[in-house]
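> Sequence first, predicted model second:
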Amino acid sequence: MTTPHSPLAQSLANLRKSYESTSLDEAGSHANPLQQFEQWLGEAIKAEVPEPNAMTLATVGSNLRPSTRIVLIKDFDERGIVWFTNYQSQKGQELAGNPFAALQFHWVELERVVRIEGIVEKVDAAMSDAYFAKRPKLSQLAAIASPQSARLGSRGELEAMMDKASKAYGEHPIRPEHWGGYRLVPDRFEFWQGRRNRLHDRLAYERENNVWVRSRLAP
């Protein structure tokens, strides 16, 4: 017996958007993907899109099941893309077993997507310490208190952990060893620009013999 679709589910097939804001071609793009990424990220910030620094992080656990979550880019340079999190979280455990991951930025208002793939490494302790020191005190305490991804019995249990951390550390929280930065060292970038009639522009950059090779992909 087939379950009938709800009116909302039936309406999904009719949702349409025509992408017509701009284009992306080889002549107008950078030869270095990091420069292209920097340009697009800067334009997203300038356009004041909601949370331009938000990115989806995809990891794969030992059970070979992929999982995703939103994290925030906090730094980048020629070495890669940096974010900070709990090393004991689900993503931390998955990265410990399989260091390959993928990132995706989706700037809806600009009709753009950036995909980045590569291997992930921990940043050095000094960098994690420096960033932790910049965080608001309550964010510091939350990083200390929360056993990220662990099951909790109630919201009250989490609040009790926060209260305990506040009493223990007071005004000067210290970065816990289980919290710090990761860097994705990219070997592949893809830049997607929405175009009319679904003939989107896709430029991929892949590292070959330490040189970035750019190619156009079919939409």
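That came through fine.

> where does the chain dip in pLDDT?
1-3 (pLDDT under 70).

> can we see that at 80?
1-5 (pLDDT under 80).

> List the pairing partners of the strand of greatest length in it within its sheet, with orientation.
Longest strand in the chain, counting residues (DSSP state E): strand 179-193. Counting by DSSP bridges, the strands paired with strand 179-193 are strand 80-86 (antiparallel), strand 112-122 (antiparallel), strand 201-208 (antiparallel).

> next SSE after the first one?
Beyond strand 80-86 in the direction of the C-terminus, DSSP states H and E gives the next helix or strand as helix 90-97.

> Give me the helices and strands touching that following helix, please.
strand 54-60, strand 66-72, strand 80-86 (3 or more Cβ pairs under 8 Å, 6 or more residues apart in numbering; DSSP states H and E). To be clear about C-beta, it is placed using only N, CA and C from the backbone, and glycine gets the same treatment.

> Pick the most buried one from the strands paired with strand 179-193.
strand 80-86 (a mean of 21; mean count of other Cβ atoms under 10 Å).

> Run through who's touching that one.
55, 57, 71-76, 91-92, 103, 116, 118, 123, 127-128, 131-132, 143, 146-149, 178-186 (Cβ atoms under 8 Å, 6 or more residues apart in numbering).

> and it with strand 54-60, angle?
80 degrees (axes from the mean of the first three to the mean of the last three Cα atoms, to 10 degrees).

> Could you give the separation of strand 80-86 from the chain centroid?
Taking Cα atoms, centre = their mean, to the nearest Å, one finds strand 80-86 lying 9 Å from the centre of the chain it belongs to.

> Extract the CA atoms of that strand and return them as PDB.
This file holds the C-alpha atoms of strand 80-86, laid out as PDB (Å, rounded to 0.1, in the frame of the first residue of the first chain):
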ATOM      1  CA  GLY A  80      44.100  25.600   4.600                       C
ATOM      2  CA  ILE A  81      40.800  26.300   6.300                       C
ATOM      3  CA  VAL A  82      40.500  26.500  10.100                       C
ATOM      4  CA  TRP A  83      37.700  26.000  12.600                       C
ATOM      5  CA  PHE A  84      37.600  25.300  16.300                       C
ATOM      6  CA  THR A  85      35.600  22.600  18.200                       C
ATOM      7  CA  ASN A  86      35.600  19.900  20.800                       C
END
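
> Please determine how far Gly170 is located from Gln140.
11 Å (Cβ to Cβ, to the nearest Å).

> between the two, which one's more packed in?
Gln140 (21 against 10; other Cβ atoms under 10 Å).

> quick one, phi/psi of that one?
Per-residue torsions, Gln140: phi -60, psi -50 (degrees, to the nearest 10).

> just checking, it touches Glu171?
No: Gln140 is beyond contact range of Glu171, at 10.3 Å (criterion: Cβ atoms under 8 Å).

> which SS class is Gln10?
Following DSSP: H, G, I helix; E, B strand; the rest coil, we place Gln10 in the helix state.

> what's the distance between it and Ala54?
31 Å.

> So which of those two has more stuff around it?
In this view Gln10 and Ala54 are compared by other Cβ under 10 Å, and Ala54 has more residues nearby, 14 against 10.

> Can you tell me the closest non-neighbouring residue to that one?
Spatially, and ignoring its direct neighbours in sequence, Ala54 is nearest to Ile70 (5.4 Å; Cβ to Cβ, 6 or more residues apart in numbering).
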